[in-house]
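Visitor: Take a look and give me a structure for this.
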Amino acid sequence: WQLSPVLLSLLYRSSQCLLPQFRPIKFLTRSFSSSLHCTLMLSGRPHKFLPPSPNAHNLFNDVIQRLDRSGTERSKVAIEKYMRNAVLSRGNQTPAINKAATAALHHFSSLPAVDIYSAAFLLLVSNNIIDDHSAALQMISKRLILSGEIYEECNSQLRERMLDDIEAVFEGGSVNDWASSDSFSGRVIGPFVARHPERRAVADRVLRWSHRDHATSSIWLRRAGHVSFVTLVHNRLGRKPATDTRPAGGTSEARYQRGAGGDE
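Guide: Here you go, the predicted structure:
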């Protein structure tokens, strides 16, 4: 079985209509996580993520359990309304998501970087839930990038495949809203490039994302080609970047989801 994030989203929404008193996404995520063998079709070719080990699956499930426990229905409704239903939510605000991810990392602190990496990308591609995506970004940022662990020689395989996997996440449809795109750009892509030993070559590759064919590439990947460097530039200039890049009111749904700095 290979289920796309879009199909998972449709299944979830259908089950919500039929059984509103339950939280079926917990069932969907755990039932399909082992069979979603981290493969996406991109431009007619398969992209394979690192196959998660049993320990990585345990970390994946632990994060979801923590997010399920801390989420509230009130926050879920508010977040999905704010995001114009472009994503689903478990009902967690950012502090709760970061707390869950940090607690899970602490609980599984003995796992090697490869397990953290594969669990995080499994969270990113297995569904369209913003809590899970944000937790994955926190795991990648805190444990792999900011710690410098991904730049160690023993983790060169992870470092070399990072941008390929990120491209696959975007092009595969797992990132389909401005908030997820900008969070990915500011928390993972930008810092990864800034600390990379070959930062100039890596930065050039990311910048080239913004010049890809509009008809065949993800708008969010093209957006990330620029936005990934916004925080870095502002930090260098000593300025605080804007926290909300959406355009002012009176815009169409498509333009709202692109936000300022998209194709327009």
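Visitor: average pLDDT across the helix or strand containing Lys81?
Guide: Here Lys81 is covered by helix 73-82, with elements defined by DSSP states H and E. Mean pLDDT, helix 73-82: 96.
Visitor: and what of stretch 106-120?
Guide: 98.
Visitor: Can you tell me what sits against stretch 146-159?
Guide: 113-114, 117, 143-144, 162, 191-192, 195-197 (CB atoms under 8 Å, 6 or more residues apart in numbering). The C-beta positions use only the backbone N, C-alpha and C, and glycine is treated the same way.
Visitor: are any of these buried, and which?
Guide: 113-114, 117, 143-144, 162, 191-192, 196 (16 or more other CB atoms under 10 Å).
Visitor: So for the helix holding Lys81, what gets flagged as buried?
Guide: Within helix 73-82, the residues scored as buried using 16+ other CB under 10 Å are 75-76, 79-80.
Visitor: Closest one to Phe229 out of those, please.
Guide: Distance to Phe229 across those (CB to CB) is lowest for Ile79, with 27.3 Å.
Visitor: just the strands in the stretch 1-150 of the chain please.
Guide: Here the stretch 1-150 of the chain has its strands, by DSSP state E, counting those that start in this stretch, at 39-42, 45-48.
Visitor: Among those strands, show the one with the smallest mean pLDDT.
Guide: With a mean of 61, strand 39-42 has the lowest mean pLDDT of the strands of the stretch 1-150 of the chain.
Visitor: Kindly export stretch 162-174 (C-alpha atoms) in CSV.
Guide: Provided in CSV are the C-alpha atoms of stretch 162-174 (Å, rounded to 0.1, in the frame of the first residue of the first chain):
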residue,chain,number,x,y,z
MET,A,162,18.6,15.8,3.0
LEU,A,163,17.8,18.1,0.2
ASP,A,164,16.6,15.2,-2.0
ASP,A,165,14.2,14.1,0.7
ILE,A,166,13.0,17.7,1.3
GLU,A,167,12.3,18.1,-2.4
ALA,A,168,10.3,14.9,-2.3
VAL,A,169,8.3,16.1,0.7
PHE,A,170,7.3,19.3,-1.2
GLU,A,171,6.8,17.8,-4.7
GLY,A,172,4.9,14.8,-3.2
GLY,A,173,2.2,17.2,-1.8
SER,A,174,3.0,16.8,1.9
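Visitor: what distance separates that stretch from the middle of the whole chain?
Guide: Centroid separation for stretch 162-174 versus its chain: 9 Å, with CA atoms, centre = their mean, to the nearest Å.
Visitor: So, low pLDDT: which residues of the protein?
Guide: Low-confidence segments of the chain (pLDDT under 70): 1-44, 234-264.
Visitor: how about the residue nearest the centre of it, what does it touch?
Guide: Centroid check for the chain by CA atoms, centre = their mean gives His133 as the closest residue, at 4.0 Å. By CB under 8 Å, 6+ apart, His133 lies in contact with 87, 123-124, 174-175, 180, 183-184.
Visitor: any idea how far Lys99 is from Leu146?
Guide: Applying CB to CB, to the nearest Å, the value for Lys99 to Leu146 is 17 Å.
Visitor: wait, Val125
Guide: From Val125 to Leu146 the distance is 23 Å (CB to CB).
Visitor: The two - which one has more neighbours?
Guide: Between Val125 and Leu146, counted using other CB atoms under 10 Å, Val125 has the larger neighbour count: 26 against 13.
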